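In: Build me a structure from this.
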Amino acid sequence: MANVNSGDVSTAGIAPIPVAASESVTDNLDYSGEDAKTGQIPEPHAGANYDPRPQEDDARRRIAYLLIGLLCFTVIGIFVLLGFGAIAVGDLKEFGVVLSPIIALVSAATGFYYGTKSNHGTGS
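Out: Modelled structure (predicted):
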């Protein structure tokens, strides 16, 4: 560490950045000339080798199962609260505010999952 980076910028208590002896502060980062090396970066590969469907199916399955689990947890929780007397039977209609969106999400997610699964099975 022979050189120390000293520029015109005020350092205001910041330690200078050490620079190795072989490097200079004025390195040129233009690699478009003769010194540019080609083939270092792998080219993007487009072809039949990659099939995203298994990962997509796995993600859809997990989302559908999680939403079904959420619905089951909510319904079982309502019955447990009802069984312990924490809520009255007349208050069950208030849980429609919670159950309606969950049922809509579960039906949409499972319908999409099974719909795309049946489309893959028919070859479309």
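
In: Please count neighbours and contacts with C-alpha atoms only from this point.
Out: Fine.

In: Below-threshold pLDDT in the protein: ranges please.
Out: Within the chain, the segments meeting pLDDT under 70 span 1-13, 15-48, 118, 120-124.

In: Quick one: the helices in it, in order.
Out: Counting by DSSP state H, the chain has these helices, from start to end: 53-83, 96-122.

In: of those, which approaches residue 89 most closely?
Out: helix 53-83 (7.1 Å; Cα to Cα).

In: Flag every buried residue along the closest one.
Out: Residues of helix 53-83 classed as buried: 57, 60, 61, 63, 64, 67, 68, 71, 74 (neighbour count, 16 or more other Cα atoms under 10 Å).

In: So which elements touch that helix?
Out: Packing partners of helix 53-83 (3 or more Cα pairs under 8 Å, 6 or more residues apart in numbering; DSSP states H and E): helix 96-122.

In: The helix it packs on: which residues count as buried?
Out: Across helix 96-122, burial judged by 16+ other Cα under 10 Å covers 102, 103, 105, 106, 109, 110, 113.

In: quick revisit: pipe the helices of the chain into CSV and attach distance to residue 89 per row.
Out: Converted to CSV, the helices of the chain look like this (distance: least, Cα to Cα, whole Å):
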stretch, distance to residue 89
helix 53-83, 7
helix 96-122, 13
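
In: And those helices: which comes nearest residue 90?
Out: Residue 90 lies closest, by Cα to Cα, to one member of the helices of the chain: helix 53-83, at 10.3 Å.

In: Taking helix 96-122 as reference, get the angle to the closest one.
Out: Angle, helix 53-83 to helix 96-122, by axes from the mean of the first three to the mean of the last three Cα atoms, to 10 degrees: 150 degrees.
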